[in-house]
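Whatever this is, show me its structure:
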Amino acid sequence: MNPLSSLNRPALIQDLSSQEFDLLIIGGGITGAGIALDATLRGIKTALVEMQDFAAGTSSKSTKLIHGGLRYLKQGEVRLVREVGKERAILYRNAPHMVIPESMLLPLVKGGSFGKYGTWAGLALYDRLASVKPGEKRRMLNRQQTIECEPLLNKDLLNGGCIYSEYRTNDARLTLEVIKTASDNGARAANYLKVESLSYVEEKVIGVSCRDLLTDTLINIKATKIVNASGPWVDDLRRKDNSLTNQRLHHTKGVHIVVSHERFPVNQSAYFDVFDKRMVFVIPRGKTTYIGTTDTDFDKDLVSPEVTKKDVAYLLKAANTMFPTVELSQSDIISSWAGIRPLIHQEGKSASEISRKDEIFYSDSGLISIAGGKLTGFRKMAQRVVDLVIKELHNEIGLPLKSCITSEIQISGGGIGNLESYTHDIFKRIQPHGFEIYDAERLVRTYGDQSQEIVNKLIERHISNPQTELALAELDFIINNESLYHLLDFFTQKTARLWFNKNTIPNLIEPVGSRMQELLGWEQVQLTEEQQSVHQALKSVVNFQ
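Below is the predicted model:
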């Protein structure tokens, strides 16, 4: 039985409620996923619950970079740059289908944050701290070389530029594949289980009461140790535990907008100064280009943060100042997303100045909470938490002390060997059926070596409409392996179509919805509601308040 199969949920819920775990993790973002993998590999009996879909919060709304933290070096956070650089190399080795090398152009502009000599020295240190490979090390450019590299740049502002190394990822899929790897090694993970209360014996937390949001029933889960890794909701759980102190979260919002690559045809990714002394990324992805991010204080709805007209105006102004001939307007935006950063509050600091370091809070009840941190550093964050948990489990129940081994563990989907060769092999299989190389690239960068299973299903079908048949083959795989229960989740966390292939969705709502109805036993009224939620999402990503 695959515990993550959508068809096996009753057995999974029974499994969670009928036994006691060594560790229960609350939160199915990248931090919780990393903790689950590390813990289960050390022999800790582990469960994880998430109130939405896995990665539905911050972990699907980042800039989608496994990045070495150049801006953190500028802020003097040398230890952080060293750590994330090493982590980036580990991720590239363990998940090569989802950690893609990306040359980043840093234009050097008049009055900008980076001068020529300071940049050279800073990037030399960055290359060393971030363990950059010899072939990917910095390359300084004069003004003319910078223009040749990216002709769309504002020539009036340019002094020169440099190329440095970053890596691109699919944040939601990375989170999901880490959870799948944990599940393959014995962890139990369930989405759409919302913690409503904590249970105590002699003032020590020993379990939770969860509402199954799919059946509206309550289940109780017992565990010796409980970790709160709920991202923006960390303080909500600490409040339930009566352990919220002066050390608290500071929420900031980061917005990205998406336009077609045809409309904004950058040659490569760029990281550039903007008018308020911040910096913004422009990143081509498939047939789109996305721009971000903002960094503003946030105190509203954590589940569905809005992209405002002010957010959009900021990013359009940033892009149009650095790339003036493009002349982007709000009507060019085809999608967008807003994510909430759960940072540790620092008195007197602005949103952009607050450190991205993680911190562990330990309450009198035994609840362990972790907040802050970056996508790139999730494995080390998890290691620090599990080091603490396993010591306590050793002292309390005699669990053997074991060291972290996640640096050596291939992530689900990662067995592709050479990315380019693997993609070419997939393309050879699907090309006769009317597919482009873009489709092969998207498959491999989404599913890795699991693409073969999807392609096997695909070519068994009568392919009259390639994109529909491909989506249905993906759907069958996701239903069987990835805990899919809502139609919108298919188009967001599972496949990212809402952000990067939005134009395909209108033709897929009916066939994908009907197939989900068939597999999951939906009544007609639920199918209608599911389809309406997708139609609403299609509007909301371009409707700015």
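
where does the stretch 251-400 of the chain dip in pLDDT?
346-356 (pLDDT under 70).

the strands in it, which residues?
269-273, 279-285, 288-292, 296-297, 335-344, 358-362, 368-372 (DSSP state E, counting those that start in this stretch).

Which strands and helices lie in contact with the third one?
Using 3 or more Cβ pairs under 8 Å, 6 or more residues apart in numbering; DSSP states H and E as the contact criterion, the neighbours of strand 288-292 among helices and strands are strand 249-260, strand 279-285, helix 309-322, helix 497-500. The C-beta positions use only the backbone N, C-alpha and C, and glycine is treated the same way.

Same list (those) but as TSV, adding mean neighbour count and distance to Val534.
Shown next, in TSV, are the helices and strands packed on strand 288-292 (neighbours: other Cβ atoms under 10 Å; distance: least, Cβ to Cβ, whole Å):
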stretch	mean neighbour count	distance to Val534
strand 249-260	22	17
strand 279-285	21	21
helix 309-322	19	22
helix 497-500	21	8
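
What segments of the stretch 1-150 of the chain are strands?
Going by DSSP E, counting those that start in this stretch, the stretch 1-150 of the chain shows strands at 20-26, 46-49, 100-109, 139-141.

closest to Thr504 out of the ones you listed?
Thr504 sits nearest to strand 100-109 of all the strands of the stretch 1-150 of the chain, at 21.8 Å, using Cβ to Cβ.

quick revisit: which one of the strands of the stretch 251-400 of the chain lies closest to His256?
Short answer: strand 288-292, nearest of the strands of the stretch 251-400 of the chain by Cβ to Cβ, at 3.2 Å.

Give the pairing partners of that closest one; include direction for each.
strand 249-260 (antiparallel), strand 279-285 (antiparallel) (DSSP bridges).

ok so, going back, quick one: which of the strands of the stretch 251-400 of the chain is nearest Val178?
Per Cβ to Cβ, nearest to Val178 of the strands of the stretch 251-400 of the chain: strand 368-372, 15.5 Å.

and the closest one, what does it pack onto?
Where contact means 3+ Cβ pairs under 8 Å, 6+ apart, strand 368-372 is packed against strand 217-228, helix 234-240, strand 335-344, strand 358-362, helix 378-397.

Adding distance to Glu530 and mean neighbour count as columns, could you present the ones you listed in TSV?
TSV is the format used below for the helices and strands packed on strand 368-372 (distance: least, Cβ to Cβ, whole Å; neighbours: other Cβ atoms under 10 Å):
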stretch	distance to Glu530	mean neighbour count
strand 217-228	20	21
helix 234-240	27	19
strand 335-344	20	23
strand 358-362	36	17
helix 378-397	31	20
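
Export the ones you listed as CSV, with columns for distance to Asn465.
Below are the helices and strands packed on strand 368-372 laid out as CSV (distance: least, Cβ to Cβ, whole Å):
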stretch, distance to Asn465
strand 217-228, 39
helix 234-240, 45
strand 335-344, 23
strand 358-362, 46
helix 378-397, 38
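
Lys277: which of the ones you listed is closest?
It's strand 335-344; of the helices and strands packed on strand 368-372, that one is closest to Lys277 (Cβ to Cβ) at 18.8 Å.

Return the list of helices and strands in contact with that closest one.
strand 249-260, strand 368-372, helix 497-500.
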